[in-house]
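Engineer: need coordinates for the following:
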Amino acid sequence: MRKIFLVLIFSFLIAGVNAQENTGLLKSVQQKFESLSDFSAEVKQIANGKSNFTGKVFFKKNDKFRVEFKNTVLVSDGSTTWNYNKKENKVIINEFDNSSPSALSFNTILNDYPAKCNVTESDENGKSVITLTPQKKSDLEFKEVKLLVNKNDLVEKVTVSQQGGNTMTIEISNYKLNQNIPDSQFSFSPPEGTTVIDLR
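Structural biologist: Residues are numbered from 1 along each chain as shown. Here you go, the predicted structure:
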């Protein structure tokens, strides 16, 4: 679940963003990522102050992604997803669903949430920050989402604070942009002997 959170959080970066009025920083982030055909980056996921996953991500337009952790590889070609567990030598195959309610995506954060939130922009320790706080009448269950943006309009950190006090943070570093990543990077062939669970 937490790994899927990380994957879909990144999916917004190549999906496009519709910024609200009077949010210049949000619009700049939109324009930056709309200009990208693909990118890779290093990521760290932190839950309640403790790092629980580190790895590398690759993304390409049309919902293609690959996330590599120590024991897990998550891959999508835009229509199918593969979740490969190296320790168990098992892969679960599903149809790609960017609207899945079980995970939080950047596309949701920046396309859907602003209409239901108060959007503010600020500087914290020399970094630009976009903060989304749900309006009283909204059906959103989180307390706050913060996006830390660097001087190149790239998102360096996403922190989601829940009403119960739990937090989930994704730190993103070492971006490499527009590398012409081949489509073969976004498909997966299970190693021989792998247990395959196909849920399509």
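Engineer: going forward, measure contacts and count neighbours with C-alpha atoms only.
Structural biologist: Noted.
Engineer: quick check: closest non-adjacent residue to residue 82.
Structural biologist: Closest residue in space to residue 82, ignoring its immediate chain neighbours: residue 93 at 4.7 Å, by CA to CA, 6 or more residues apart in numbering.
Engineer: an error on my part: the question was meant for residue 38.
Structural biologist: Of all residues not flanking residue 38 in the chain, residue 60 sits nearest, at 4.2 Å (CA to CA, 6+ apart).
Engineer: swap in residue 168?
Structural biologist: Spatial nearest neighbour of residue 168, chain neighbours left out: residue 47 (4.7 Å); criterion: CA to CA, 6+ apart.
Engineer: bridge partners for that neighbour, pull those for me.
Structural biologist: Taking DSSP bridges as the rule, residue 47 bridges to residue 50, residue 168.
Engineer: how about the residue of the chain positioned farthest from its centre, secondary structure?
Structural biologist: Largest separation from the mean C-alpha position in the chain: residue 193, at 31.0 Å (CA atoms, centre = their mean). Under the three-state scheme (DSSP: H, G, I helix; E, B strand; the rest coil), residue 193 adopts coil.
Engineer: how much space between it and residue 160?
Structural biologist: Using CA to CA, to the nearest Å, one gets 39 Å for the distance from residue 193 to residue 160.
Engineer: pLDDT below threshold where in the protein?
Structural biologist: Residues of the chain meeting the criterion pLDDT under 70: 1-23, 98-112.
Engineer: and the strands in it?
Structural biologist: Assigned by DSSP state E, the chain shows strands spanning 38-47, 50-60, 64-68, 72-77, 80-85, 90-95, 117-124, 127-134, 142-149, 155-162, 167-177, 195-198.
Engineer: partners of the shortest one in the sheet?
Structural biologist: Just to be clear, that refers to strand 195-198. Strand 195-198 has these strand partners (DSSP bridges): strand 90-95 (parallel).
Engineer: give the buried residues for the partner strand.
Structural biologist: 90-94 (16 or more other CA atoms under 10 Å).
Engineer: can you pull out the residues in contact with that strand?
Structural biologist: By CA atoms under 8 Å, 6 or more residues apart in numbering, the residues outside strand 90-95 that reach it are 79-85, 190, 194-200.
Engineer: then that strand to PDB, C-alphas only?
Structural biologist: C-alpha atoms of strand 90-95 as PDB (Å, rounded to 0.1, in the frame of the first residue of the first chain):
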ATOM      1  CA  LYS A  90       6.000 -13.500  -7.100                       C
ATOM      2  CA  VAL A  91       4.500 -11.000  -9.500                       C
ATOM      3  CA  ILE A  92       0.900  -9.600  -9.300                       C
ATOM      4  CA  ILE A  93      -0.500  -8.200 -12.600                       C
ATOM      5  CA  ASN A  94      -3.300  -5.700 -12.800                       C
ATOM      6  CA  GLU A  95      -4.900  -3.300 -15.200                       C
END
